[in-house]
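Participant: coords below, sequence missing:
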């Protein structure tokens, strides 16, 4: 590596940060130590898994090619008629983003209405020609918006505003208030043209709302259908002139994304593309006991012990009674593959499901770590989530590499059996 003749100083980079600049004679090679330091820093940057996380734990998005990054603060505004799955999507997105470590909260305007105005409101309350009802609903919408903006001011990162927001006037109001606080905004519109899906949603969720507690199911369905009709009178679909939006049609049958920019909005769109509402089972099981488990050793690629083989037989016997066989996912390590060997189903290996990398501690017992590496042992006990083994991984690293597995689990419509490791299963179950 040789300096440009037009440059006057070179830069020493340490852990991806500019620590100082030092003079180098014009046209002369840089010192080998500086070259090594810069090379390591560049390799860290180009191999570091997304998302990038700051020292404060905030998700970062690269805003330009010069490497500047800024913390993401995003308001997702749900749009759509009742019984279109908006709340379902909002909760799923919130759970996904919290799992990635982002401070996320759902502000459901319907909950504000029930809390402050009471639950039992018949369909006439939602008639757009009912001035009193319209004003009351407007107050609840503003109260939820005010709370969300205050939550952002206190350090929130992704706020999800869950309401029908079916009119252009309402959405313009929300957009102006949100942008005035320096936040990005994306509309998430749920459109459903499948009458069977709407009817199923009404039966499975709406009849169990506090609004219809103690109401005859037939009367409840009739009233809720009338409520939908009121919203249909005023419904104005999101238009391209309104800026960034995602339109999800028939629970993912079709997804339209308009002016979606940045890492975080793009990840959310990809997540929404893989959502569905079909029920199915997901089983998570640790592998059978291994030889390393018997010795209380970390990591390795040991075979199953005799008790571990007995567990594999019991697992196969349990699933032999199932008429529909699940997809079976394992890690690439021997103990998970041996646990799956008797199931009679071809297992799919995922390197992302491998156990947490113990680095320099691989093969050691916890007692050996405590005795030989007391500082590492103490650091791990202090904060297991963020602790990273020397030359190894932390739980946060495991979470990031598991993101493709989570997306595939959301997409999959068949039952799935995941045979993996303790740290990995903890992260998945979370």
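Facilitator: Cool, got the structure. Worth saying up front: this structure is predicted, and the values here are computed from it rather than measured. Numbering: from 1, shown residues only.
Participant: so what's residue 189 bridging to?
Facilitator: residue 79, residue 247 (DSSP bridges).
Participant: what's the answer for residue 159, then?
Facilitator: With DSSP bridges as the criterion, residue 159 is bridged to residue 75, residue 105.
Participant: pLDDT wise, what is residue 32 at?
Facilitator: pLDDT for residue 32: 58.
Participant: check residue 101 too.
Facilitator: 89.
Participant: and what of residue 214?
Facilitator: Residue 214 is given a pLDDT of 89.
Participant: what is the burial count for it?
Facilitator: 7 (other Cβ atoms under 10 Å). The way it works is simple: take the backbone N, C-alpha and C, and place the C-beta from them, glycine included.
Participant: and what of residue 281?
Facilitator: Counted by other Cβ under 10 Å, the residues lying close to residue 281 total 11.
Participant: give the contact list for it.
Facilitator: Going by Cβ atoms under 8 Å, 6 or more residues apart in numbering, residue 281 touches 326, 415, 416.
Participant: measure the spatially most central residue of the chain to residue 421 for me?
Facilitator: Geometric centre of the chain, nearest residue: residue 96, 2.3 Å, by Cα atoms, centre = their mean. To residue 421, residue 96 is 22 Å away according to Cβ to Cβ, to the nearest Å.
Participant: do the same with residue 170
Facilitator: Using Cβ to Cβ, we find residue 170 at a distance of 48 Å from residue 421.
Participant: could I get the full set of helices for the stretch 151-300 of the chain?
Facilitator: With DSSP state H, counting those that start in this stretch as the criterion, the stretch 151-300 of the chain has helices at 168-180, 195-204, 217-234, 263-273, 291-294.
Participant: determine which stretch of those helices is the most buried.
Facilitator: Mean neighbours per residue, mean count of other Cβ atoms under 10 Å, is largest over the helices of the stretch 151-300 of the chain for helix 263-273, with a mean of 18.
Participant: tell me the helices and strands packed up against that one.
Facilitator: If you count contacts as 3 or more Cβ pairs under 8 Å, 6 or more residues apart in numbering; DSSP states H and E, helix 263-273 packs onto strand 59-62, strand 74-79, helix 86-99, strand 184-191, strand 245-249, strand 254-258, helix 403-411.
Participant: and the angle from that helix to strand 74-79?
Facilitator: Using axes from the mean of the first three to the mean of the last three Cα atoms, to 10 degrees, the inter-axis angle of helix 263-273 relative to strand 74-79 is 30 degrees.
Participant: re the thing from before, tell me who's in contact with the spatially closest residue to the residue nearest to the centre of the chain that is not a sequence neighbour.
Facilitator: Ranked by Cβ to Cβ, 6 or more residues apart in numbering and with sequence neighbours excluded, the top spatial neighbour of residue 96 is residue 271, at 5.6 Å. Neighbour list for residue 271: 92, 93, 96, 407, 410 [criterion: Cβ under 8 Å, 6+ apart].
Participant: one more time with 10 Å, if that's ok
Facilitator: 89, 92, 93, 96, 97, 403, 406, 407, 410, 411 (Cβ atoms under 10 Å, 6 or more residues apart in numbering).
Participant: kindly report the same for residue 360.
Facilitator: 369, 373, 376, 389, 390, 391, 392 are the contacts of residue 360 under Cβ under 10 Å, 6+ apart.
Participant: between all of those residues, which two are separated the most?
Facilitator: 369 and 391 (13.8 Å; Cβ to Cβ).
Participant: and for the two, which residues touch both?
Facilitator: 358, 360, 361.
Participant: now do the SS call for the second one.
Facilitator: On the three-state scheme (DSSP: H, G, I helix; E, B strand; the rest coil), residue 360 is labelled helix.
Participant: can you pull the pLDDT of it?
Facilitator: pLDDT, read off for residue 360, is 96.
Participant: correct me if wrong: residue 114 contacts residue 121.
Facilitator: Yes - using Cβ atoms under 10 Å, residue 114 is in contact with residue 121, at 8.6 Å.
Participant: common neighbours of those two, please.
Facilitator: residue 211.
Participant: can you list the weak-confidence ranges in the chain?
Facilitator: Scanning the chain for pLDDT under 70 picks out 1-72.
Participant: now residue 414. Nearest residue, chain neighbours left out?
Facilitator: residue 327 is the one closest to residue 414 (Cβ to Cβ, 6+ apart), at 5.6 Å.
Participant: next, count neighbours for that neighbour.
Facilitator: When neighbours are counted by other Cβ under 10 Å, residue 327 registers 16.
Participant: related to what we said a few turns ago, settle it for me: which of residue 369 and residue 391 has more neighbours?
Facilitator: Counted by other Cβ under 10 Å, residue 369 and residue 391 do not tie: residue 369 has more neighbours, with 18 against 11.
Participant: report the contact partners of the nearest residue to that one once chain neighbours are set aside.
Facilitator: Leaving aside its sequence neighbours, residue 369 sits nearest to residue 377 (Cβ to Cβ, 6+ apart; 5.1 Å). Listed by Cβ under 10 Å, 6+ apart, the contact partners of residue 377 are 361, 366, 367, 368, 369, 370, 371.
Participant: tell me the buried residues in the strand or helix carrying the third one?
Facilitator: It refers to residue 367. Residue 367 is part of helix 366-372 when elements are defined by DSSP states H and E. Neighbour counts over helix 366-372 (16 or more other Cβ atoms under 10 Å) mark residue 369 as buried.
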